[in-house]
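A.B. asks: Model the following, please.
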Amino acid sequence: MFNNYLIYLAFITAKITKFFEAQKPYIRCKKGCAMCCKNAEFPYTKIEFQYLMSGVSLLDKDIKKNILKNIQSVLKERSMFNAETFKYSCPFLIDNVCAVYNYRGIICRSFGLMNIGTDGRVKVPFCCYQGMNCSNVIDEETHMISPEKFKASGFKEIPSAYNVNYYFLTDPDFEKTFGFEFGDIKPLIDWFLDNESLGFNPFEILEGKNENSRVLK
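C.D. replies: Predicted coordinates:
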């Protein structure tokens, strides 16, 4: 069921990789940083979540247990949360490393770049204000590139903003072009409570009870 989605994923990943390479002087991402994996909503389409769980089904049982524990902890926090937006650490983050990196969603692949928001304005990644990506040229007060900081950096080219907004990357036009359906968009954690829509119980996969489900093929 993932053939066409994987073609799309390869196309998008290749584009994003080129964008990261173009911004290389301003990118400070590294394994173990994990700022982008904490304190967020993590929007996921249905097919992204299904593909993610297909990767989970291949994990060692001890890693699955850790993920399950994390999910239960997040859901407990969520049940006591009353505000409109619930942010949390990704339950697939184990010792600051993604346990399902090759199966991660679109938002996880594109985060870290300067991008163009749905309002047409340039957005910088929040990690910029924590000394990470683009922090060497962005003015924290104006949220714009500082001419002084850019000059001091010694870099030759000003970083560009790319159209890698999540809602653009999951636009229906991609469904038509590549021949698949994204499905609904929900916060990652919410998919664990929607067995009916998914057609399988993600907790059973984490418990090793449903690894041969047809929806994961």
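
A.B. asks: all contacts plus neighbour counts: C-alpha atoms, from now on.
C.D. replies: Fine.

A.B. asks: Check the spacing between Glu140 and Arg121 real quick.
C.D. replies: Noted for Glu140: a distance of 16 Å to Arg121, by C-alpha to C-alpha, to the nearest Å.

A.B. asks: again with Glu48
C.D. replies: When C-alpha to C-alpha is the yardstick, Glu48 and Arg121 sit 27 Å from each other.

A.B. asks: which of those two has more neighbours?
C.D. replies: Relative neighbour count places Glu48 above the other of Glu48 and Arg121, with 22 against 10, counting by other C-alpha atoms under 10 Å.

A.B. asks: So that one, which state does it fall into?
C.D. replies: What DSSP: H, G, I helix; E, B strand; the rest coil gives for Glu48 is helix.

A.B. asks: Which residue lies nearest the spatial centre of this structure?
C.D. replies: Centrality entry for the chain: nearest residue to the mean C-alpha point is Cys108, 2.1 Å, by C-alpha atoms, centre = their mean.

A.B. asks: taking the mean pLDDT, what do you get for the helix or strand harbouring that one?
C.D. replies: For Cys108, the element it lies in under DSSP states H and E is helix 106-110. Across helix 106-110, the average pLDDT comes to 94.

A.B. asks: cool, and stretch 11-22?
C.D. replies: The average of the pLDDT scores along stretch 11-22 is 93.

A.B. asks: Quick one: distance of that stretch to the chain centre.
C.D. replies: Between the mean C-alpha point of stretch 11-22 and the mean C-alpha point of its chain there is a distance of 15 Å (C-alpha atoms, centre = their mean, to the nearest Å).

A.B. asks: Pull the residues that contact that stretch.
C.D. replies: Contacts with stretch 11-22, where a contact means C-alpha atoms under 8 Å, 6 or more residues apart in numbering, come from 27, 109-110, 113, 162, 164, 169.

A.B. asks: can you map out the strands along this protein?
C.D. replies: Shown for the chain, the strands assigned by DSSP state E span residues 43-45, 93-94, 97-98, 115-116, 122-123, 138-139, 144-145, 185-187.

A.B. asks: partner strands of the first one, parallel or antiparallel?
C.D. replies: Translated: strand 43-45. Paired strands of strand 43-45, with direction, are strand 185-187 (antiparallel) (DSSP bridges).

A.B. asks: May I see the buried residues of the partner strand?
C.D. replies: Using 16 or more other C-alpha atoms under 10 Å as the burial criterion, the residues of strand 185-187 that qualify are Ile185.
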